[in-house]
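Participant: I need the structure of the sequence given here:
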Amino acid sequence: MWVVDSKLKAGQSHLYSRRTLYVDEDSWQILAVDCYDSRGQLYRVQEGHVINYYDVPALWTALETVYDLTNGRYLALGLDNEEPRSRDFSQKRTVADYQPAALQRRGVR
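Facilitator: Sure, this is the predicted structure:
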């Protein structure tokens, strides 16, 4: 597991002053995030619940949750347990797909 600790750049404004990401070293998936408020207090916790696609092979997020510790609420994203498991991992990418020009082509003005 890799731990990436990020702090808000001086002079910038954001909801989170700091975030700590917990990254699986084999899949590079972010499995959990600790989000801190402007006072440095733990504010929200995010979790990525993963599923292993053995035939690809790949580890992918099946459900994401965000827990608001201040308000006692949570948000669950990606609840697809009643949908057929039909992730398409067949799309091939090239280095050009990750260049700034590729992003510009996909942008909408």
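Participant: hey, where'd the helices end up in this protein?
Facilitator: For the chain, the helices defined by DSSP state H cover 100-106.
Participant: for it, what helix or strand is lowest in average pLDDT?
Facilitator: The helix or strand of the chain with the lowest confidence, counting by mean pLDDT, DSSP states H and E, is helix 100-106 at a mean of 84.
Participant: Number of residues surrounding residue 99?
Facilitator: Residues within reach of residue 99, counting by other C-beta atoms under 10 Å, total 11. Bear in mind the C-beta positions are built from the backbone N, C-alpha and C, glycine included.
Participant: Contacts for the least confident helix or strand of the chain next, please.
Facilitator: When contacts are defined by C-beta atoms under 8 Å, 6 or more residues apart in numbering, helix 100-106 is touched by residues residue 96.
Participant: now residue 59: how far from residue 2?
Facilitator: 14 Å (C-beta to C-beta, to the nearest Å).
Participant: quick one, which of those two is more surrounded?
Facilitator: The residue with more neighbours, out of residue 59 and residue 2 and counting by other C-beta under 10 Å, is residue 59; that gives 18 against 10.
Participant: wait, what's in contact with the more buried one?
Facilitator: Listed by C-beta under 8 Å, 6+ apart, the contact set of residue 59 reads 24, 26, 27, 29, 50, 51, 52, 53.
Participant: what pairs with the nearest residue to the fifth one once chain neighbours are set aside across the strands?
Facilitator: Among residues not flanking residue 50 along the chain, residue 59 sits closest, at 5.2 Å (C-beta to C-beta, 6 or more residues apart in numbering). In this structure, residue 59 bridges to residue 52 when assessed by DSSP bridges.
Participant: circling back: which among the contacts of residue 59 count as buried?
Facilitator: Burial by neighbour count, 16 or more other C-beta atoms under 10 Å: within the contacts of residue 59 this picks out residue 50.
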